[in-house]
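K.L.:
mind looking at a prediction? Sequence and model below.
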Amino acid sequence: MQQNSFERLMTTLSDNELQGYLNNQSKYIPEAIEAALAEIQKRGRVFSEAELSALQMEINLRKEVVPIANEVPNTINPLWKKLVPVDDPNAPVFYSERAIYLFSIFFNVLFGTILSAINFSKTEQKKGIFEVIAFGIGYTALMLAVLMQFPRNTILIIVFNVAGAMILQLFWNKYIGKGVQYHARPIWVPLIIGLILVVFMLLSIFPNGEIPTNL
């Protein structure tokens, strides 16, 4: 299942992006590298026997030292799988896909946007910072404009947050890449900030401390 997912992803990448997987194998899990190699060969790239042997040897070595985590069965969202163990101390530190997804749903898409922008600041794809921030601001403005027409519609808020979280996954795939190895950054600071903001928001909306039950 995971390999098929990588194969689909590779068909959407440019030749240079595929080559990036082969040139930076330490950043990716073996299955992602194999899928990139297979896709670039389908496009007509010819490797010598020595090149293929070296690539396959590196892939096999990485399979031995980077075990793939078992996926939790879920046909709706692939984020509900165990994180891949990372032994490389030089691997980047990112807020995980799961953290971005959950913050976007339970707080707001802007939270997921900020976490994504922080991640992109640790990569060479700096333009992703501005693109994801522009998306977050525009998406939130659209969401507020629609919600003003349907006050107190909790289900609509959830729908917007889930859709925004799924779009942020596309930004991850574009600017970080699916299958990239990384250390998961602790979420305590953004979690505390989010909870504090939620408390202040509730107090401003319901100053008497009485929250209606018909929200």
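P.N.:
Structure's in. What do you need? Residues are numbered from 1 along each chain as shown.
K.L.:
any idea which helix or strand carries residue 135?
P.N.:
helix 127-147 (DSSP states H and E).
K.L.:
and the helix or strand following that helix, which residues are buried?
P.N.:
Following helix 127-147 in sequence order, the next helix or strand is helix 154-175 (DSSP H and E). Under the neighbour-count criterion of 16 or more other CB atoms under 10 Å, helix 154-175 has 157, 160-161, 164-165, 167-169, 171-175 buried. Backbone N, C-alpha and C define where each C-beta goes, glycine included.
K.L.:
need the contact list for the residue nearest to residue 21 when sequence neighbours are not counted.
P.N.:
Distance criterion CB to CB, 6 or more residues apart in numbering; nearest residue to residue 21, sequence neighbours excluded, is residue 36 at 3.6 Å. Listed by CB atoms under 8 Å, 6 or more residues apart in numbering, the contact partners of residue 36 are 6, 10, 13, 18, 21-22, 28.
K.L.:
and which of those residues is nearest to residue 139?
P.N.:
In terms of CB to CB, no member of the contacts of residue 36 lies closer to residue 139 than residue 13, at 24.8 Å.
K.L.:
and what about the closest one, helix, strand or coil?
P.N.:
Secondary structure for residue 13, judged by DSSP: H, G, I helix; E, B strand; the rest coil, is coil.
K.L.:
thinking again about what came up before, now the contacts of residue 36 in a markdown table, with secondary structure?
P.N.:
Output for the contacts of residue 36, formatted as a markdown table (three-state DSSP):
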| residue | secondary structure |
| --- | --- |
| 6 | helix |
| 10 | helix |
| 13 | coil |
| 18 | helix |
| 21 | helix |
| 22 | helix |
| 28 | strand |
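K.L.:
check those and tell me the two furthest apart.
P.N.:
6 and 22 (13.7 Å).
K.L.:
show the average pLDDT along the helix or strand encompassing residue 200.
P.N.:
If you go by DSSP H and E, residue 200 is part of helix 188-205. For helix 188-205, mean pLDDT is 75.
K.L.:
how about that helix: buried residues?
P.N.:
Residues of helix 188-205 classed as buried: 190-191, 194 (neighbour count, 16+ other CB under 10 Å).
K.L.:
what distance separates that helix from the middle of the whole chain?
P.N.:
On the basis of CA atoms, centre = their mean, to the nearest Å, helix 188-205 sits 24 Å off its chain's mean C-alpha point.
K.L.:
domains of this structure?
P.N.:
Listed by automatic domain parsing, the domain ranges of the chain are 2-65, 93-205.
K.L.:
what average pLDDT does the shortest one get?
P.N.:
This means domain 2-65. On average, domain 2-65 scores 80.
K.L.:
before we move on, the earlier item: Serialize the buried residues of helix 154-175 to a markdown table and add fields for pLDDT.
P.N.:
Shown next, in a markdown table, are the buried residues of helix 154-175 (pLDDT from 0 to 100):
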| residue | pLDDT |
| --- | --- |
| 157 | 84 |
| 160 | 89 |
| 161 | 89 |
| 164 | 92 |
| 165 | 91 |
| 167 | 92 |
| 168 | 92 |
| 169 | 89 |
| 171 | 91 |
| 172 | 89 |
| 173 | 86 |
| 174 | 86 |
| 175 | 86 |
